[in-house]
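Trainee: This is the structure alone, sequence omitted:
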Ligand SMILES: Nc1nc2c(c(=O)[nH]1)N[C@@H](CN(C=O)c1ccc(C(=O)N[C@@H](CCC(=O)O)C(=O)O)cc1)CN2
């Protein structure tokens, strides 16, 4: 039976470290601030945003929520981002995705000042990361890399197969693994014979949004399996990995819930402090 990688516990450890940093800065009168922008009333997004706010509070970050109606115009949202970019009190800006279909996510992401982009989605930050310059990485893959490090899962020289090519998870995940000297294969919806590829992997990261896509037939015995999927099926949360059949053969596996999700939120806190320090020339 696989070792269960406890994302909740690792996230709690990261949060504790962030709390210690913010406490130290507070003693010098420095308070970092995260602002989250939520558009509309998407129930899952509202839950994630509440969770981010609660966590920010817990780790000692000032946090504000800008909640705009679902029919807000793109121009109004962009004007709000301009205001936050200019606000010297704000260290990190996050626009919760997905956005309503009348708003271009790409235009919105590009409007956030790169130095306040806690998600690491701005093309400037993505490009910097691509060429090996230091910028914040998107929170989900960054959380997974932290988990590997803290769980002593050495990725150097290993074959990592990432399933999913989104800008938020799949692509940056592949880049981060590559930067850590893994040999990386990036698979997607048009990949032929996915199972033949994943079966050669020492590490599988599933991030496609297809419940139960990765089965026992996709996994080499002893492989590390990371499940980024968060699919609602009949009101129940399901990952992209068929946990019950994969766990008995994997070496280590993340559960859903309690795996990658909490790590994403913890890394958001860490990224906020990092950007706050960089902007204020603190170490
Ligand atoms: N601007 C962003 N938007 C979105 C991101 C992101 O990183 N930045 N990622 C996802 C959603 N997300 C964070 O925003 C997120 C999703 C889920 C969780 C989480 O902790 N999930 C729990 C289960 C919660 C449940 O029961 O529904 C878990 O896995 O244990 C955290 C963050 C899309 N949008």
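Mentor: Noted; the coordinates are in hand. Remember, predicted model here, so these are calculated numbers, not experimental data.
Trainee: Three-state assignment for the nearest residue to residue 142 once chain neighbours are set aside, please.
Mentor: Spatial nearest neighbour of residue 142, excluding adjacent residues (Cβ to Cβ, 6 or more residues apart in numbering): residue 267 at 4.6 Å. C-beta coordinates here come from the backbone N, C-alpha and C atoms, glycine included. At residue 267 the chain is in helix, as set by DSSP: H, G, I helix; E, B strand; the rest coil.
Trainee: Ok, residue 109 next?
Mentor: Going by three-state DSSP: residue 109 is helix.
Trainee: for the closest residue to the ligand within the stretch 151-283 of the chain, what are its contacts?
Mentor: Going by Cβ to the nearest ligand atom, the ligand is nearest to residue 261 of the stretch 151-283 of the chain, at 2.2 Å. Residue 261 is in contact with 7, 230, counting by Cβ atoms under 8 Å, 6 or more residues apart in numbering.
Trainee: For it, grab phi and psi.
Mentor: Main-chain dihedrals, residue 261, degrees, to the nearest 10: phi -50, psi -60.
Trainee: and the residue of the stretch 51-200 of the chain nearest the ligand?
Mentor: residue 97 (3.7 Å).
Trainee: residue contacts, that residue?
Mentor: So residue 97 contacts 45, 105, 168 (Cβ under 8 Å, 6+ apart).
Trainee: redo that, cut-off 10 Å
Mentor: Residues in contact with residue 97, defined by Cβ atoms under 10 Å, 6 or more residues apart in numbering, are 39, 42, 45, 48, 105, 108, 109, 119, 121, 168.
Trainee: which among those residues gets closest to residue 204?
Mentor: Of all these, residue 204 sits closest to residue 168, with 18.3 Å by Cβ to Cβ.
Trainee: tell me the SS of the closest one?
Mentor: coil.
Trainee: How about the contacts made by it?
Mentor: Residue 168 touches 97, 105, 119, 120, 121, 138, 139, 140, 141, 207, 228, 264, counting by Cβ under 10 Å, 6+ apart.
Trainee: tell me the mean pLDDT over stretch 243-259?
Mentor: Rounded to a whole number, the mean pLDDT of stretch 243-259 is 98.
Trainee: List the buried residues for it?
Mentor: 243, 245-247, 249-256, 258-259 (16 or more other Cβ atoms under 10 Å).
Trainee: Write out the residues of the protein neighbouring the ligand.
Mentor: Residues of the chain found near the ligand (Cβ under 6 Å from any ligand atom) are 47-48, 94-97, 119, 139-140, 230, 237, 256-258, 261-262, 264-265.
Trainee: Compute the first-to-last residue distance for stretch 175-191.
Mentor: 19 Å (Cα to Cα, to the nearest Å).
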